[in-house]
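Engineer: Pasting the sequence and the predicted model now:
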Amino acid sequence: MKNVIIAAVVLLAGCANTNNPAAVAKATTTLHDPYTRQTFVTGDLVKERNYLGFSKLLYRLEAEIRNGNEPNIRLYVGSNSAEHGFLYSASDIDATVLPVAQVNTELTANARADENVALTLSRPYLESHKTSGLDIRIGGNRGALIVKVPGPYIAGFLAKLDDVKTQSDKCGGQVNSDAETGFFTGIFHSMAKDGKLPNTECSR
C-alpha cells in the first residue's frame, strides 16, 4: 500500500512578506545577462511548514525574458519530506491542469527527500489570481502536496515584472540588474532599495 504524503501548509511569519504587494515587489530581484540578452526576475523565497513543523515547503515565482520577448513565468516549488513523492502532475482548486517539470530530486543525509518542480504559468492565469491567490495540488506516485500562493504576492511580483519589461522594451532587451551574482559581476550591478529598477539610461 502506497504511503500518502499530504503537506497541509500553514504560512509562518518569516522573512518573506507575502501580504504586501509593495514589499513583494521590493524583495523581487532582477538579473540581466548582456551576453545572452536574458533577464531573470526572481520573487522572494517563501518558506512554509506543516502544522507539526516537519515537512518543509518552499516556493517562489520566477520569470525569464529573452531578447525582449514576452516573459516565461514559472512557479518553483520545493519540498522536503520523509518520503519520495515522485511529483509529476499539478492542478488548481478549479481543476485547471498545469504543466509540471521536474527540476531535481535529492536524498539528504537524514534520509529525507528534497524534490523541486517548476510549474509553467501564463500571464493571464496569474492576472486572474491576483485577488484570490493560487491553491494548487502537486501530485506524485506516493501522494501529493498543496501550495497556496497569496494574491498580494502575485500582484507584487507582476508589478515588478511589468517594471522590468518596460525597461526591456525601451532598451532593446537590455535591463539593469538589481541583484548580486558574485564578487566580479556584482560590483557592476546597481542595488535597488525600493523595488524599482535603477533609473539609468540604456547603455551598450
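Structural biologist: Good, I have the coordinates. Keep in mind that this is a model prediction, so the values were computed, not measured.

Engineer: can you give me the helices in this protein?
Structural biologist: 21-27, 123-127, 151-170, 183-186 (DSSP state H).

Engineer: end-to-end on stretch 95-114?
Structural biologist: Stretch 95-114 has its terminal residues 26 Å apart, counting by Cα to Cα, to the nearest Å.

Engineer: Who are the contact partners of the residue sitting nearest the centre point of the chain?
Structural biologist: In the chain, the residue lying closest to the centroid (Cα atoms, centre = their mean) is Leu61, at 1.9 Å. Residues near Leu61 by Cβ atoms under 8 Å, 6 or more residues apart in numbering: 43, 73-76, 121, 126, 149, 153-154, 157. (Glycine included, C-beta is placed from N, CA and C.)

Engineer: Could you list the low-pLDDT ranges of this protein?
Structural biologist: 1-15, 49-55, 82-85, 105-111, 179-204 (pLDDT under 70).

Engineer: coming back round to it: for Gly140, find the nearest of the helices of the chain.
Structural biologist: helix 123-127 (22.4 Å; Cβ to Cβ).

Engineer: So which residues make contact with the closest one?
Structural biologist: By Cβ under 8 Å, 6+ apart, helix 123-127 touches 61, 70-71, 73, 96, 154, 158.

Engineer: Of the residues you listed, keep whichever come out buried.
Structural biologist: Buried members of these, scored by 16 or more other Cβ atoms under 10 Å, are 61, 71, 73, 154, 158.

Engineer: Could you double-check that the second one lies in contact with Glu62?
Structural biologist: I take that to be Pro71. No: between Pro71 and Glu62 there is no contact under Cβ atoms under 8 Å: 9.6 Å.

Engineer: Mind picking the one among the buried ones among the contacts of helix 123-127 that's closest to Ala25?
Structural biologist: Leu158 (8.8 Å).

Engineer: Quick check: chain neighbours aside, which residue is closest to the closest one?
Structural biologist: Leaving aside its chain neighbours, Leu158 sits nearest to Leu126 (6.2 Å; criterion: Cβ to Cβ, 6 or more residues apart in numbering).

Engineer: what touches both of Pro71 and Glu62?
Structural biologist: Residues touching both Pro71 and Glu62 (Cβ under 8 Å, 6+ apart): Val41.

Engineer: With distance to Ala27 added, can I get the contacts of Leu61 in JSON lines?
Structural biologist: Below are the contacts of Leu61 laid out as JSON lines (distance: Cβ to Cβ, whole Å):
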{"residue": "Gly43", "distance to Ala27": "7"}
{"residue": "Ile73", "distance to Ala27": "17"}
{"residue": "Arg74", "distance to Ala27": "18"}
{"residue": "Leu75", "distance to Ala27": "16"}
{"residue": "Tyr76", "distance to Ala27": "15"}
{"residue": "Leu121", "distance to Ala27": "19"}
{"residue": "Leu126", "distance to Ala27": "17"}
{"residue": "Val149", "distance to Ala27": "14"}
{"residue": "Tyr153", "distance to Ala27": "10"}
{"residue": "Ile154", "distance to Ala27": "14"}
{"residue": "Phe157", "distance to Ala27": "9"}
